[in-house]
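**Student:** pasting the structure only:
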C-alpha cells in the first residue's frame, strides 16, 4: 500500500450554498497497480485527486476532514497536513499527473523540452546538460520522433495526441511512484486513445508506477485497470477487482451502469436499460444513500443513513445495505 | 473549476418562480462576496440619491453669493463654522451645496452621454457585426478613424465652436464615445452569431430580424451595461476636465469642473475650493469603476454559477 | 427513381472552406476539403449513422445537408426537391420538416430564454397557432420527451445535461419534422444519461415515424440506433453498409482499425484481444494526403494507394467501400489479414 485515503471531505462555499463535493471518500492504492476511478460528472472523482494534490482553490473550496497517507519506507505522511511548499515537492515529484486537456496545462511560451527539464532540475537536482539528455531520452520513450529537435518545439507545434505524450513525459520525468491521470484520453480520437493507453501501460510496467486513472468510460476501464473504484455523489460506492466488478457488480448503481453501456453484450438489437432520474443535487448535505432516489431496491434503511463500504469478499466492497443477488439486506461489517 | 459544471437538479415540486425578493437576496449574497462591488454599489446609490434630493440635502442655495462670508474654511478648521461645512468659495457660495448640486450635472452628462453613445454604438455595431462584408469594413474603418483621433482634441474643437451648454457637452460626449460601444458590440455580435443557439434558431427557420432582436440583443445587455458603467465614470472625468478648461457648461452652473477651475487661482491660499470638488470626482469615478468591475463578473450568466 | 422509399438523397456533396494563408504578402487561399464528394441515401423511417474521428467532416456533412452550411457543390434531394437550389425564403418554409439536434446542449439553448420560449420558438417563427395552442403544444412536447411541464418557466442553466438535451429534442420536434439530423446528441452526456437519451430517440422514431441522420464518433452507441452506418475519414465516405454487415464483416482497413480501437466493457475479452493500433493521427483536412486519404496510416497500404484515389463502389448489395485492396469477388480476403492477430 502506498497511498491510503480516509474519510476525505471537501466542500465548496458558493453563492448558491454549500456544494457537498466529497462526503467521506475512502480508498487505498497498492504499489504498481492500476486503479481506475469511474464516475459521472459531479461524482467527485476529480475533486478527490485535486484535494490530494492541494489543487483545490481555497476559497471557495475547503478540505474539511480526512487523511491521505502517502507511505514512504512504511513511514506515513499525511498529504493534507503538508505545507504549500512540501505539497509542491510531492506534486510532480512523487506524484505525477496527466490532465485531460494538455493544451491548457502546458505553458504556451516555453519549449516543451524546457518544461520537462525544468521539473527534473527542480526535483532531482540535475544539471542543465544532464536534464536535457534525460529529457531527450524520455521524449523518445514516449514516442516522439526526432526528439533531439523537438526538444525546442513549442506546445502549439504538436498535435493533440503528441501533446498528451509530452504531458506523460512530464508526469513520469521525476520517477514518481504514483501517476494520476485525469481523463487523459477523453479529448482524443479513439485510434489515438488506443495509442495513449498502450503507452501509459508500457511505461507503468517499465518504471513500476502505480496509476490512478480517472475516467467516465467503463470500456476503457475494462481494457486497462486492475482495480476499480466507482464513485457517486461524492462517495465511493464500490471498490473491486476489475473482473469482479464486471462479472459480479454489487452496488445497484454499478449494476445499472453496466446495463446502460453498449457493447457489453450482443450487437445492440435489444434496448439499453437506462438508470432513470438525475445525479444527486450536491447542494444538499448527504444524510442517506446518494443513489436512493434512483434505486429500484431502495428500502427504509437506505434513507436512515449514509451506507459505509461493506465487505462482500476479501477484495470487494460495496456501499449498499442491500444484497441484490440474494435479495436480502446485507449484514453490516464495516471494513477497517 | 469543477463546481461550475454541477447540474442543479431541483425537485419536482419545491421549485417556485423566483420572486423579486429572492432575486434581491441573491444579488445581496453576490455583493457580500465582493467587497469592491459592495462599496461601489453603496456609493453609487448614495450618489444617485444625492443628485435626486439635492434641494433637500443642500443647506444653502448653491448660487447665492455672500461676499461677507467669502473664502471661509471648512468647519473643522479653527476659523470654520458649521454654517458652511465645507467652507465657501471666493464669492461666498456654500461649497457643500455646490458639490451636491454638481452631482446633478455630472450624472446628467454621464447618463445621457452614455445613452447616446450606447444607442449609436449598438446600432452600428450590430449592423456591422451581423451583416459583415462591405458594410462591416466601411463602418469599422470609420470607427477606427474616430478612435485614432485624440478624444479631447475633438471635444475642445467642437466645444469652442458651438459654445457652452449642457446639451452640447452631452451630444459631443455621446458621439465621440460611440465608436467604443460599436467596437464592443461588434465583437460580441460576432461571438454570439457563431453560438449554438443562433445556429439552432436558424435551423428552426428564424429570420435575420428575429435572430438579431430575440437572440443577439438580449445577450448584448450584460457587456454593454458593464461598458456603460466604465464610460460614465470616464465622462464624469472628461466633463470635469472640460469644465476646468472653461469649455463645459456655463460658469454659473455649479459643476465640479467649473468649481475646480475657480479654485485653481486660490490653490495656495484657499485650497479647499479646489480640493473638495476633486474628491467628489474621485469618489464618483471610483464607485462607477468598482461597480463596473463587479457587474462584468456578475452579468455573465455563464460565470454566475461558478462564483 | 429506383427506390421510392428514399427520403433524402445526397449526391456528390462537397463543402470546401477557403482559408487565407500568409501574412500580408504571399497571401493565398487554400481550400479545406471538409466534405469531399459524399453520396448516400436515407430511406423513410430509417437511421443512417455517420461515424468518424474529429476532422472527418461528419458534422459538416450534417450541416450541409440541412443547408446550414451552403454546399460548394452537389445535390441534396429531400423528397426529390433539391435543397441546394432553394432560395432562403423557400428553405425557411421547408425548415419545419427538416430539423437538427445539436451536440452541445447548453450552447444551443439561449441562456436568457425560458424553456417555454425555447421549445415554443419554432411554433412562433412559423406562426403556428395562438398563444394558447402553443402553450398546450409545449406541454405536450415536454411530456413527450420526459420533462415535467411544470419546469417550463425555468432557464437552461437550471437543468442537468440530460434534461437540456431533452429540451433540445423537444424543440426540434415542435413542428412535426420528418427528417432530423442528430449531431452527436449524446457525446457530451454522462454514461447513465446517454442510454436514456438513446432510448428516447429510438422511441420517438417509432412513435412519430422519424428519419434520422445520426452523427457520432462513438461506434459502440451507434449500433443501438442505426439501421445503416457510413464510416467517414477526411471528408470521404470509406465504407457504408447496413449495421450487421458493417460490424460483422467490415471491409475497409480503416473501419477495421476503428472497431479494433474501441475498447469493449468486458475485461476478460479485452485482456486477450489483440488490437490494431494505428500509427499517427488524422492529418489536417487542409493538407489531405494524395491518393487514398487513409494511406498514410493504413497498415496495408500499397504503392497504388499513394497515387490513385480509390473508387467508392458497391461490393455487395447495400455495401459500398472505397479501397483498392478490396477485391470485388473475394472481398473477405483483406479482413482476415487484419483480423487474424
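**Tutor:** The structure has been received and is ready for your questions. Here the structure is a predicted model, which means the values were calculated and not measured.
**Student:** tell me the contacts of residue 216?
**Tutor:** By default, I'm working from chain A. Residues near residue A:216 by CB atoms under 8 Å, 6 or more residues apart in numbering or on different chains: A:38-41, A:183, A:186, C:190-191. Placement of C-beta: from N, CA and C, glycine included.
**Student:** correction: the question concerned chain C.
**Tutor:** Per CB under 8 Å, 6+ apart, neighbours of residue C:216: C:49-51, C:58, C:184, C:186-187, C:222.
**Student:** 7 Å instead?
**Tutor:** Shown in contact with residue C:216 (CB atoms under 7 Å, 6 or more residues apart in numbering or on different chains): C:49, C:51, C:184, C:187, C:222.
**Student:** least confident of those?
**Tutor:** pLDDT across these is lowest for residue C:187, at 82.
**Student:** just checking, it touches residue C:103?
**Tutor:** Yes. With contact defined as CB atoms under 7 Å, residue C:187 counts as touching residue C:103 (6.3 Å).
**Student:** higher neighbour count, these two?
**Tutor:** Neighbour count, other CB atoms under 10 Å in any protein chain shown: between residue C:187 and residue C:103, residue C:103 has more, with 20 against 14.
**Student:** can you confirm the more buried one is in a helix?
**Tutor:** No. In this structure, residue C:103 is coil, not part of a helix, as judged by DSSP: H, G, I helix; E, B strand; the rest coil.
**Student:** surely it and residue C:189 touch.
**Tutor:** No. Applying CB under 7 Å as the test, residue C:103 and residue C:189 come out as separate, 9.9 Å apart.
**Student:** pull the helix or strand with minimum mean pLDDT from chain B.
**Tutor:** Of all the helices and strands that make up chain B, the one with the lowest confidence by mean pLDDT, DSSP states H and E is helix B:301-304; it has a mean of 50.
**Student:** number of nearby residues for residue B:41?
**Tutor:** Residues contacting residue B:41 under the criterion other CB under 10 Å number 18.
**Student:** which parts of chain A sit against chain B?
**Tutor:** Proximity of chain A to chain B, by CB under 7 Å from any CB of the partner chain, involves residues A:12, A:14-15, A:19, A:21, A:41-42, A:46-47, A:57, A:278-279, A:281-283.
**Student:** among those, name the buried ones.
**Tutor:** Neighbour-count burial (16 or more other CB atoms under 10 Å in any protein chain shown) applied to the residues of chain A next to chain B gives A:12, A:14-15, A:19, A:21, A:41-42, A:46-47, A:278-279, A:281-283.
**Student:** now, among those residues, which is nearest to residue C:70?
**Tutor:** For these, the minimum distance to residue C:70 (CB to CB) is 36.4 Å, reached by residue A:41.
**Student:** contacts only, for residue C:253.
**Tutor:** Applying CB under 7 Å, 6+ apart, we find residue C:253 in contact with C:298-300, C:323, C:338.
**Student:** mind listing residues that contact stretch C:42-60?
**Tutor:** By CB under 7 Å, 6+ apart, stretch C:42-60 touches A:189-191, C:5-8, C:15, C:34-35, C:40, C:61-62, C:69, C:183, C:205, C:209, C:211-217, C:219, C:222, C:225-235, C:282, C:285.
**Student:** now with 6 Å?
**Tutor:** Here stretch C:42-60 makes contact (CB atoms under 6 Å, 6 or more residues apart in numbering or on different chains) with A:189, C:5-8, C:15, C:34-35, C:183, C:209, C:211-216, C:219, C:222, C:225-233, C:235, C:282, C:285.
**Student:** still on that earlier bit, which of the contacts of residue A:216 fall within strands?
**Tutor:** Cross-referencing the contacts of residue A:216 against strands under DSSP state E gives residue A:38.
**Student:** which stretches in the stretch 201-341 of chain C count as helices?
**Tutor:** For the stretch 201-341 of chain C, the helices defined by DSSP state H, counting those that start in this stretch cover C:219-225, C:243-248, C:253-261, C:267-272, C:303-307, C:333-339.
**Student:** what does chain C put close to chain B?
**Tutor:** Contacts of chain C with chain B, taken as CB under 6 Å from any CB of the partner chain, map to C:68, C:92, C:95, C:100, C:102, C:104, C:107-112, C:122, C:125, C:148, C:158, C:160.
**Student:** which of those are close to chain A?
**Tutor:** Here is what survives when the residues of chain C next to chain B are matched to chain A using CB under 6 Å from any CB: residue C:160.
**Student:** just the residues of chain C next to chain B: which are in helices?
**Tutor:** Of these, the ones assigned to helices by DSSP state H are C:92, C:122, C:125.
**Student:** quick test: name the residue nearest the centre of chain A.
**Tutor:** When CA atoms, centre = their mean is applied to chain A, the residue found nearest the centroid is residue A:214 (3.2 Å).
**Student:** identify the bridge partners of it.
**Tutor:** Beta-bridge pairing of residue A:214 under DSSP bridges involves residue A:37, residue A:182.
**Student:** wait, isn't it in contact with residue A:182?
**Tutor:** Yes. Under the criterion of CB atoms under 6 Å, residue A:214 makes contact with residue A:182 at 4.6 Å.
**Student:** need the residues touching each of these two.
**Tutor:** Common contact partners of residue A:214 and residue A:182 (CB under 6 Å, 6+ apart): none.
**Student:** ok, residue C:247 - how many residues close by?
**Tutor:** By other CB under 10 Å, 18 other residues sit near residue C:247.
**Student:** check contacts around it.
**Tutor:** Listed by CB under 6 Å, 6+ apart, residue C:247 has no contact partners.
**Student:** quickly find the element holding residue 35.
**Tutor:** Reading this off chain A. Assigned by DSSP states H and E, residue A:35 belongs to strand A:34-38.
**Student:** please refer instead to chain C.
**Tutor:** With DSSP H and E as criterion, residue C:35 is part of strand C:28-43.
**Student:** good, wrapping up.
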